[in-house]
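> Sequence below, structure please.
(chains A and B)
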Amino acid sequence: MELQTLTYIVVGMTFAVYIGIAFWARAGSTSEFYVAGGGIHPIANGMATAADWMSAASFISMAGLIAFYGYGGSVFLMGWTGGYVLLAMLLAPYLRKHGKFTVPEFIGDRYYSKVARIVAVICLIVASVTYVIGQMKGIGVAFSRFLEVSYEMGLLVGMAIVFVYAVVGGMKGITYTQIAQYCVLICAYTIPAVFISLNLTGNPVPQLGLGSMLTGTETYLLDRLDQVVTELGFAEYTTHARLSTLNTFVYTLSLMIGTAGLPHVIIRFFTVSKVSDARVSAGWALVFISLLYTTAPAVAAMARLNLHETIQPQNAENLAYAERPAWFKNWEKTGLLVFKDKNNDGLINYTADPDTNEMVKVDRDIMVLANPEVARLPNWVIALVAAGGLAAALSTAAGLLLAIASAISHDLLKGVIRPDITEKQELTASRFAMAGAIALAGYLGFNPPDFAAGTVALAFGLAASSIFPVLMMGIFSKRINKEGAIAGMIAGLSVTLLYVFQHKGVMFIASTSYLGDMRPNWFMGIEPNAFGAVGAAINFIVAFAVSMVTKAPPEHIQHMVENIRIPSGASTAQSH
Amino acid sequence: MADNNQTARKEYWRANLRLMLVLLSIWFVISYLCGILFVEELNTIRLGGYKLGFWFAQQGSMYGFVIIVFVYARKMAALDRKFEVND
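Presented below is the predicted three-dimensional model:
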């Protein structure tokens, strides 16, 4: 069957499943809308969390980043998984015990302050909206590449699908679709990896294949890769850290803290029925995430090796442009691969030297997208990769949209503006908030703001510097009071934003970087994307200092803190 | 009775913090020490085709994280039962 038709069938089938789940899992109460009724099995929630967490960026871009950074790409692997250790020990069980619907609600209760709750809502919305733009773009791009419809059309279809299951099903619908989406995306990611590993090393497990010898030789795959890239003048794959060791350290820490502080991930742990389930569920989430994250470095190294060996076969001349393989031509059409014959010899010369390098563009996304074609896998695998990329983008978008919608209908409307509305009115309001959030995300997808490229980094920086520290201190300290928390959040947030904007421009408009984008001026050589951990440290220090000079939280708050540290007596998450 | 309850709760919390401290130390060692700060030293040792430091950064740390979270969940469940605070 033709690839195009096959892709339509596979993607269409997955979409039919998502819609079917939406009608089966209708939300009938606010508890079902916000936390799926609170009775999700820990393994099921782990799977949903994995899909919620792994975005279009994890699925499509991460292996490509690692392929070109080598060892330097490790920050993403360690940072985006290590955060779950923090989440499992420092936040998830206690927030589950508190038993409320949203993250700002906990902050409002713990710091006995509507102001703190509103500040938290602002942090949440800014972090989640910036994050969702990337997902909307991912949906549009996946559609336009695989189904050859326009970016706009793809975005509209994606919005319509999310609209159906998120507005009708709320968290309940989102949870069950995320489980289905996880299954689709993990198959789509691992199947090509298994075949490529088998081709290159004879070992079907990519994690082991990466440490094996190439078939028919006595050379280890990674040694061969190091040799190939260094001969062409690129940095050694297995040892080159992108920037300083300190930067690697701080960047990893920022991603870990940011991961643990992202509200759309935290609220997934409100859907299990017990505190002990929240702990176990975090473990399962990490298992499901690590399945993809430990496969990614194998995909990265093998794809990079395949790319170089296709262009520069061993002991032979460079590949003639006229004889380039079919996948090369396919991806040239999309503009992701660009060749320019600088010396007019008809051969492809790919080196690290920008003057003689003729592969003028190798988009890192093709490392995953072109993988099945490079490995000559059957068409249904290519169709599956398309469905997997869409599943990754849709599941993350839905989780983010729910976090935004519940902050608006539950924290702002019910919590602050109109506390007297009934549950039924709140449920209606939450559906409208969801529809509004989808419209906003769609609008931003159609008109990506200039700062879209830097947005995911900004979301992690915000979560790390504002949300994580206040949550952690709220649980582990009885002394931190509302003055401290509010001052801490604002200080952490401002320092991070000012640092990012100083170097990348206000709202990422380059010309407005008020002191210029000056690498020599980076604070101790720390790049702006890695600055969340520094913001978090400032948040902790300011909150502590301010709390010490103001009066301790009232008695009942101290009791509340003692109470959330004990698992017994947890009820299903509810509003009162 | 209420006092007993208070002391038991404090003890439970201290046991939790101790466990956390041990596990977070392991978390720090396998990622920040083995994967970042001492990566060059460890890279002189081989694990099959992997340099050991590189293996920690791109494989080992993640396996370790998974184990840490499950050990925490298990030990805490035992602690919950011991102090009769389980849910």
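> When you work out contacts or count neighbours from here on, use the C-alpha atoms and nothing else.
Fine.
> list the contacts for residue A:435?
By Cα atoms under 8 Å, 6 or more residues apart in numbering or on different chains, the residues touching residue A:435 are A:163, A:167.
> and it, what pLDDT?
Predicted confidence (pLDDT) for residue A:435: 93.
> Show me what counts as buried in the host helix or strand of it.
Per DSSP states H and E, residue A:435 falls inside helix A:423-446. Buried residues in helix A:423-446, counted by 16 or more other Cα atoms under 10 Å in any protein chain shown: A:426-427, A:429-435, A:437-438, A:440-442, A:444-446.
> does chain B sit close to whatever helix or strand residue A:80 lives in?
Following DSSP H and E, one finds residue A:80 within helix A:74-86. Yes - contact between helix A:74-86 and chain B, assessed by Cα under 8 Å from any Cα of the partner chain, occurs at A:74, A:77, A:78, A:81, A:82, A:84, A:85.
> Switch those over to a markdown table; also include neighbour count.
Shown next, in a markdown table, are the residues of helix A:74-86 next to chain B (neighbours: other Cα atoms under 10 Å in any protein chain shown):
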| residue | neighbour count |
| --- | --- |
| A:74 | 27 |
| A:77 | 25 |
| A:78 | 27 |
| A:81 | 26 |
| A:82 | 27 |
| A:84 | 27 |
| A:85 | 27 |
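> Kindly indicate which of the residues you listed lies nearest residue A:128.
Nearest to residue A:128 out of the residues of helix A:74-86 next to chain B is residue A:84 (Cα to Cα; 18.5 Å).
> ok, the closest one - contacts?
So residue A:84 contacts A:256, A:259, A:260, A:282, A:286, B:65 (Cα under 8 Å, 6+ apart).
> which non-adjacent residue is nearest the fourth one?
Meaning residue A:282. Once flanking residues are discounted, residue A:282 sits nearest to residue A:88: 5.6 Å by Cα to Cα, 6 or more residues apart in numbering or on different chains.
> repeat for the fifth one
Taking Cα to Cα, 6+ apart as the measure, residue A:286 lies nearest to residue B:66, with 6.0 Å between them; neighbours along the chain are not counted.
> Is the one you found within a helix or a strand, and which one?
Going by DSSP H and E, residue B:66 is part of helix B:61-82.
> try residue A:345
Going by DSSP H and E, residue A:345 is not part of any helix or strand.
> The most centrally placed residue in chain B in helix, strand or coil?
Nearest to the mean C-alpha position of chain B, by Cα atoms, centre = their mean, lies residue B:23 at 2.2 Å. Of the three states, residue B:23 takes helix under DSSP: H, G, I helix; E, B strand; the rest coil.
> And it, how close does it get to residue B:64?
Residue B:23 sits 10 Å away from residue B:64, taking Cα to Cα, to the nearest Å as the criterion.
> Could you list the buried residues of the helix or strand bottoming out on mean pLDDT in chain A?
Within chain A, no helix or strand scores below helix A:455-462, which has a mean of 79 by mean pLDDT, DSSP states H and E. In terms of neighbour count (16+ other Cα under 10 Å), helix A:455-462 has its buried residues at A:455, A:456, A:457, A:458, A:459, A:460, A:461, A:462.
> Identify the residues contacting the second one.
This means residue A:456. A:130, A:131, A:134.
> Tell me how many other residues surround the second one.
I take that to be residue A:131. 24 (other Cα atoms under 10 Å in any protein chain shown).
> And residue B:82, by the same measure?
The burial count for residue B:82: 11, using other Cα under 10 Å.
> Under a three-state scheme, what state does residue A:268 occupy?
helix.
> check contacts around it.
A:35, A:45, A:48, A:49.
> where's it relative to chain B, distance?
Distance, residue A:268 to chain B, by Cα to the nearest Cα, to the nearest Å: 17 Å.
> now residue A:132
26 Å.
> hang on, that residue packs against residue A:397?
Yes - in this structure residue A:132 lies within contact range of residue A:397 using Cα atoms under 8 Å: 5.7 Å.
> give me the low-pLDDT residue ranges for chain B?
B:1-3 (pLDDT under 70).
> near chain A, which residues of it show up?
B:9, B:13, B:20, B:27, B:31-32, B:36-37, B:40, B:47-51, B:54, B:57-59, B:61-63, B:65-66, B:68-70, B:72-73, B:76-77, B:80, B:85-87.
> Try it again at 7 Å.
B:20, B:31-32, B:36-37, B:48-50, B:54, B:57-59, B:61-62, B:65-66, B:69-70, B:73, B:77, B:85-87 (Cα under 7 Å from any Cα of the partner chain).
> After the longest helix along chain A, which helix or strand is next? Please name it.
The longest helix of chain A (DSSP state H) is helix A:151-201. Proceeding N to C from helix A:151-201, the next assigned helix or strand is helix A:206-209, under DSSP H and E.
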